[in-house]
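Trainee: here is the input, now give the coordinates:
(chains A, B, C and D)
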Protein chains: 4
Amino acid sequence: MTGNTFGALFRLTSFGESHGPGVGGVVDGCPAGLELCEADIQKELDLRRPGSAKLAGTARKESDAVRLFSGVYAGQTTGTPIAFVIANEDQRSADYTTLARLFRPGHADFSYQAKYGLRDPRGGGRASARETASRVAGGAIAQRLLASEGISVHACTLEIGGIACDCDTIATAGSRPYFAGDERVVPAWEERIKNVRGLGDTLGGIVQIEAHGVPAGLGEPVFGKLDALLAAALMSVGAVKGVEQGAGFKAARMLGSEHNDALLPGGRFASNNAGGVLGGISSGQNIILRAAVKPIPSIAREQNTVDIEGNPTTITVGGRHDICAIPRIVPVLKAMVALVLADTVLQQRRMEKM
Amino acid sequence: MTGNTFGALFRLTSFGESHGPGVGGVVDGCPAGLELCEADIQKELDLRRPGSAKLAGTARKESDAVRLFSGVYAGQTTGTPIAFVIANEDQRSADYTTLARLFRPGHADFSYQAKYGLRDPRGGGRASARETASRVAGGAIAQRLLASEGISVHACTLEIGGIACDCDTIATAGSRPYFAGDERVVPAWEERIKNVRGLGDTLGGIVQIEAHGVPAGLGEPVFGKLDALLAAALMSVGAVKGVEQGAGFKAARMLGSEHNDALLPGGRFASNNAGGVLGGISSGQNIILRAAVKPIPSIAREQNTVDIEGNPTTITVGGRHDICAIPRIVPVLKAMVALVLADTVLQQRRMEKM
Amino acid sequence: MTGNTFGALFRLTSFGESHGPGVGGVVDGCPAGLELCEADIQKELDLRRPGSAKLAGTARKESDAVRLFSGVYAGQTTGTPIAFVIANEDQRSADYTTLARLFRPGHADFSYQAKYGLRDPRGGGRASARETASRVAGGAIAQRLLASEGISVHACTLEIGGIACDCDTIATAGSRPYFAGDERVVPAWEERIKNVRGLGDTLGGIVQIEAHGVPAGLGEPVFGKLDALLAAALMSVGAVKGVEQGAGFKAARMLGSEHNDALLPGGRFASNNAGGVLGGISSGQNIILRAAVKPIPSIAREQNTVDIEGNPTTITVGGRHDICAIPRIVPVLKAMVALVLADTVLQQRRMEKM
Amino acid sequence: MTGNTFGALFRLTSFGESHGPGVGGVVDGCPAGLELCEADIQKELDLRRPGSAKLAGTARKESDAVRLFSGVYAGQTTGTPIAFVIANEDQRSADYTTLARLFRPGHADFSYQAKYGLRDPRGGGRASARETASRVAGGAIAQRLLASEGISVHACTLEIGGIACDCDTIATAGSRPYFAGDERVVPAWEERIKNVRGLGDTLGGIVQIEAHGVPAGLGEPVFGKLDALLAAALMSVGAVKGVEQGAGFKAARMLGSEHNDALLPGGRFASNNAGGVLGGISSGQNIILRAAVKPIPSIAREQNTVDIEGNPTTITVGGRHDICAIPRIVPVLKAMVALVLADTVLQQRRMEKM
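Mentor: Presented below is the predicted three-dimensional model:
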């Protein structure tokens, strides 16, 4: 509710700004006895680095090395808060000084100023996408817990700049460029990105996230529905403007007889239009979500805006920016789904006798 | 977190089942001194009744008369919990007895059984859409608070069964059949509904919700973003399978230069692709959301399913059911947006000196 | 946080005022499959009625009949919210009209007026001890859950008006007058109460609460210590002004070698100065707490006060009031301890594999 | 609820162990625009160091230098999470290795082992009093907020080892040895401490905490009473075994006519037996609390205990330990009261129009 804590029983508190000493987080509520080391977290953080898709990426150089600060002893979680820190290395505040008096279109500059009456102008401060490193680290810990329950989370890119692909093999998308749903689409995406970079413009896209091995029964009724928690989780990531589950917006155009997933013996279903959730409670099918990612708001083209006194002016955002939030947002969305599932797994345990 | 409470500072706790004595709720955190009477709530509950769209509606007859139980004295809220009850009148449990041993496709029967090990089979029990009456009542109280801040919430139907319309005048949609965005689409919708009813099938649609008069600065950073809270609010309503804000899924195909809303003097913007939220904080523009509503799962056609022992069988859902959740879901979605905004209004006050 | 909800996973939301239709509550988070009927709750509510100690008691006549509204089907909890209502029967608002413009010393009149800017003056409104009926009902449900875990909660009166007794057999105190720790003290208490009633004055006392069968491991570290939760639970009851655990205030005068409880084989201890909690986590010993209860503030003697304009005046509180909150507060304190323990039992389950 | 976060709107999340890299915390919800620097926090941390009472203190040497990690820009809070870290410098894990297989009486060793199935044995791990440094740092930030509202928090020692004093001038106690209520008692305390140190034993005591300048109206009704929150806050500090407000346990022996505080014109009262709270809401009088502190459990004398297999044995706790938790606990208790008040100040703002 204070905005920087996520989850009820498995709970991530995030802190840090783009241009301070670093970003970090505290995971509270992780059960004791889980094997955890820095490499488990680093592996996920490395997926968020621009390496896998250099064309789309930023010039900012960050090793994003995570340091565990508490909550782990002799290679195991102790049940106490797991704090971690990821240092900022390559911030160049000077890049941003000329922008301190202007509101960048599509950024949080204007709304933060309205909310707080002041703001840290260096690289967007707290509103920078840099905070997503804390999400990825927290999500890596969540994925350790989920793995011990046989649950895995996967994500792939379905669309960049209006060029779509399918995804039959999401579990292996992590090793493909752009985490592409189908590797054959990559040349077309790269062509599109190159063109748009030349225009000084940016692109959006669509990401699919799935969770496999989820038992039936996770989630709470009414307000705590699993799909509601997942929608909030994904929508809380800066660039996401839409979320859908299973058939999603297509469901609005289907007949009931088309949309209903017939039940089969053995807890199976004939289809998965529901995306793994019935009445807000997991059904045992794969959880399937898609998120719409808007184009990066920092563009090299001149835009109309106002300064902090409200005078009209123009702005051209320099600095080092991505052309497309994808693929860097993919591990972030995966992390958010993992955080929700870890929380609901612990929630569901309370229903069972010790 | 226990699922039946929504909000942090303006908080609705919902209770009740489809076939018990009734449904109800407790609103805690409403400031003292707000004028409130049962008629304020009844007005919103009446919008949820099938009157405005008889063709789409159910045969179940409920007056949905609300009774205030506490928290109001001499026509004003006292700052203490506002409890209310809406009696069930027309439940006919006998309709459901034959279904107690079967899992209805598209319903929560299977997932509730998996979660709890037992379930109230009468009309879906807690998973019935009847619980949305509590949301509408709570939302009506929220709208009283918002009105005192100059904020209003509106909703209209944009699409039923794949037939879409535009909406230029959402503030008056409440008086149109099906809360249609544009009244001229209604004959086409009625034709479609009549046909689908004849097939024993059901329809979905798309609803737009807007909030006007929202000041800049509402919402919290990172996990408590206003759009995240709104997405969870809408997705927590049973039939909703997708949510988008502003340009939504279309944003994924736009260039940055198209999507960014240029700032103008006076806190205005040249466009509203963001849907009223920047970096998760309200920008002072209208909040714009759309929700995808799946077709009603209770269809009169025979479907494949299993019984509670897992044996394959077929089911034909009788009872009294809607053809389309729209328009009854429209005031529910409006209520959910109002609940979120009331909460964030109170949250934001904490930033201001007393 | 909004004040009328208690607990995190086993959670009671309370509502109602002294002179409205009644008081009630919603228990959310109770696991499914627990046998529960109205008689289980009524039994505890009956302990709160003045029957067991007529001399100390009020003239207000309330049957305190509880009605279950939701969450129970076929005699079992369903995992959904359990709402209950206890109607007010014998409120006489006329008794209070002359007091509406005065602040009663020792009551919440002044502070509620300062907080809310208005108040329901009828019998103290929400600040009336009548709200404790909701606690007792919620606590009765908690005790059903605890019983299924082998945990029982007991309470007895140790002191009234400065006359103390010991308690060797707390498990049977429920059947003794005044829930006395030792029945032999009762004549002295009755003599004291009779004298003080003659003076138009009132008395306080001390109550001991114990929980037996509590497994080691309940409670959370640091801020969520079991003793912290228990202290808040007891202190949240209107008349309680002090709380101690185990040796309590006496611990401040003991040497470490006297206070430490030596560990014995089999998870036993040589003494229980800790009152069943080590480092905020239950040790498997009996939980032992004591609460100091102030004298009832409504006295028949004239007192100095001010009116709502701040003018000095005097007040003599008529109405029907107890001489001593004990014994009616005893089942309330027991209920609060049960609510805390039910919550921590569910919390602890999250640590265990499903 | 996960135990390491305190507060609802002004919220401290604490992390760290006795023998890891350090301890730290995240304050979320602090309003923007508050002047804050490391020296503001360091000042309070320095009060927690053994300097003021060398006789009672530990041989462990820690500079307790705090480093602000986020949430402050150009000397002002930005409204985003304020993270801080306090490095551990002088941990000597070797001191504790022989104790890893034994349960120290009066410590959390046994209960943590029962809860988590494993534990960090180095210096008590998370259960070490070292975590209170995070409380003091968080409380220092809370006190900055309170100062801007005209509220100050004070504390003094009333009793050590059974030797009591009065306190007329609590606002200046911070500069006296042992934070003594009255400096004249100090020689007697030092004599007592010297004797008890010679015996290899330890002492407890009583601390009084007051808050001045608190406006009427803070706190919530029923479960969120200000005294309930304060009791939990104090009882959550490791060594505290009892808490009382105003007349406290003495109230149990007073008549109603003695205990009631008569109201006077101008929002004043003739006495303050209530300790500043009526019906759980602040009355505008000084908040007055007392906490009973048990003797330090680490004693140099041989004690009976069991090892982790349950075999009986004896233990003599070496290491570097205090004779008396007072005076080091005094700034911790002050911090906890400040954290509660900061939270209720923000809570109360929600009742006011923006």
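
Trainee: other residues contacting stretch A:173-186?
Mentor: Outside stretch A:173-186, the residues that touch it by CB atoms under 8 Å, 6 or more residues apart in numbering or on different chains are A:47, A:52-53, A:56, A:154-158, A:160, A:163-168, A:170, A:189, A:208, A:326-327, A:330. In short, each C-beta sits where N, CA and C put it, glycine included.

Trainee: filter these down to just the ones in helices.
Mentor: If you go by DSSP state H, these have A:47, A:189, A:330 in helices.

Trainee: let's see if you can find the most crowded of those residues.
Mentor: Most neighbours among the ones in helices among the contacts of stretch A:173-186, by other CB atoms under 10 Å in any protein chain shown: residue A:330, with 29 neighbours.

Trainee: return the distance of stretch A:35-50 from the chain's centre.
Mentor: The chain centroid and the centroid of stretch A:35-50 are separated by 15 Å, computed with CA atoms, centre = their mean, to the nearest Å.

Trainee: burial of the closest residue to chain B within the stretch 1-150 of chain A, as a residue count?
Mentor: Residue nearest to chain B within the stretch 1-150 of chain A: residue A:108 (2.3 Å; CB to the nearest CB). The number of residues packed near residue A:108 is 27, by other CB under 10 Å.

Trainee: swap in the one 3 residues further on?
Mentor: Residue A:111 has 28 neighbouring residues, counting by other CB under 10 Å.

Trainee: who does residue A:16 form a beta bridge with?
Mentor: In this structure, residue A:16 bridges to residue A:23 when assessed by DSSP bridges.

Trainee: so where's the stretch 1-150 of chain A uncertain?
Mentor: By pLDDT under 70, the low-scoring segments of the stretch 1-150 of chain A are A:1-2, A:50-60, A:91-96.

Trainee: swap in 80 and give it another go.
Mentor: A:1-2, A:50-62, A:90-99 (pLDDT under 80).

Trainee: just the ones in helices among the contacts of stretch A:173-186 that are near chain B?
Mentor: Among those, no residue lies close to chain B (CB under 8 Å from any CB of the partner chain).

Trainee: next, format those residues as a markdown table and append distance to chain D.
Mentor: Below are those laid out as a markdown table (distance: CB to the nearest CB, whole Å):
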| residue | distance to chain D |
| --- | --- |
| A:47 | 24 |
| A:189 | 35 |
| A:330 | 25 |
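
Trainee: residues from the stretch 101-250 of chain A in reach of chain C?
Mentor: A:149, A:215, A:221.

Trainee: rerun at 7 Å
Mentor: residue A:221 (CB under 7 Å from any CB of the partner chain).

Trainee: and the residue of the stretch 101-250 of chain A closest to chain C?
Mentor: residue A:221 (6.3 Å).

Trainee: next one: that residue from residue C:76, what distance?
Mentor: Separation of residue A:221 from residue C:76 (CB to CB, to the nearest Å) stands at 17 Å.

Trainee: the residue of the stretch 1-150 of chain A closest to chain B: what's its closest spatial neighbour, skipping adjacent residues?
Mentor: residue B:279 (2.3 Å; CB to CB, 6 or more residues apart in numbering or on different chains).

Trainee: repeat for residue A:284
Mentor: Nearest non-adjacent residue to residue A:284 (CB to CB, 6+ apart): residue A:216, at 3.7 Å.

Trainee: so the one you found sits in a strand?
Mentor: No. Using DSSP: H, G, I helix; E, B strand; the rest coil, the secondary structure at residue A:216 is coil, not a strand.

Trainee: who's in contact with it?
Mentor: A:267, A:282-284, B:111, B:114 (CB atoms under 7 Å, 6 or more residues apart in numbering or on different chains).

Trainee: which parts of the helix or strand where residue A:304 lies are buried?
Mentor: Using DSSP states H and E, residue A:304 maps to strand A:303-306. Residues A:303, A:305-306 are the ones in strand A:303-306 that count as buried (16 or more other CB atoms under 10 Å in any protein chain shown).

Trainee: same deal with stretch A:193-211?
Mentor: Buried residues in stretch A:193-211 (16+ other CB under 10 Å): A:193, A:196-197, A:201-211.

Trainee: and of these, the nearest to residue A:61?
Mentor: Checking the buried residues of stretch A:193-211 against residue A:61 with CB to CB, the nearest one is residue A:197 at 18.8 Å.

Trainee: just checking, that closest one is part of a strand?
Mentor: No. Counting by three-state DSSP, residue A:197 falls outside a strand, being helix.

Trainee: tell me the contacts of the residue nearest to it when sequence neighbours are not counted?
Mentor: Counting by CB to CB, 6+ apart, residue A:323 is the residue found nearest to residue A:197 once chain neighbours are left out, at 5.2 Å. Contact analysis of residue A:323 by CB under 7 Å, 6+ apart lists A:56, A:193, A:196-197, A:202-203, A:296.

Trainee: and residue A:119, by the same measure?
Mentor: Residue A:119 touches A:109, A:112-113, A:125, D:78, counting by CB under 7 Å, 6+ apart.

Trainee: then residue A:231?
Mentor: A:243, B:231-232, B:235, B:243.

Trainee: and those, which two are the farthest apart?
Mentor: Among the contacts of residue A:231, the pair separated by the greatest distance (CB to CB) is A:243 and B:232, at 9.8 Å.

Trainee: which of the two has more neighbours?
Mentor: residue A:243 (33 against 26).

Trainee: please enumerate the helices of chain A.
Mentor: A:38-48, A:109-116, A:132-147, A:186-198, A:226-235, A:256-259, A:329-349.

Trainee: distance to residue A:21 for those helices - can I get that in JSON lines?
Mentor: Below are the helices of chain A laid out as JSON lines (distance: least, CB to CB, whole Å):
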{"stretch": "helix A:38-48", "distance to residue A:21": "17"}
{"stretch": "helix A:109-116", "distance to residue A:21": "20"}
{"stretch": "helix A:132-147", "distance to residue A:21": "13"}
{"stretch": "helix A:186-198", "distance to residue A:21": "32"}
{"stretch": "helix A:226-235", "distance to residue A:21": "27"}
{"stretch": "helix A:256-259", "distance to residue A:21": "51"}
{"stretch": "helix A:329-349", "distance to residue A:21": "21"}
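
Trainee: tell me which of these sits most buried.
Mentor: helix A:226-235 (a mean of 30; mean count of other CB atoms under 10 Å in any protein chain shown).

Trainee: please save the CA atoms from that one in PDB.
Mentor: The C-alpha trace of helix A:226-235 is given here as PDB (Å, rounded to 0.1, in the frame of the first residue of the first chain):
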ATOM      1  CA  LEU A 226      -5.200 -15.200  -9.000                       C
ATOM      2  CA  ASP A 227      -5.800 -13.400 -12.300                       C
ATOM      3  CA  ALA A 228      -6.400 -10.100 -10.500                       C
ATOM      4  CA  LEU A 229      -3.100 -10.500  -8.700                       C
ATOM      5  CA  LEU A 230      -1.300 -11.400 -11.900                       C
ATOM      6  CA  ALA A 231      -2.800  -8.500 -13.800                       C
ATOM      7  CA  ALA A 232      -1.700  -6.100 -11.100                       C
ATOM      8  CA  ALA A 233       1.800  -7.700 -11.100                       C
ATOM      9  CA  LEU A 234       2.200  -7.200 -14.800                       C
ATOM     10  CA  MET A 235       0.600  -3.800 -15.000                       C
END
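
Trainee: state the mean pLDDT of it.
Mentor: For helix A:226-235, the mean pLDDT works out to 98.

Trainee: all good on my end, thank you.
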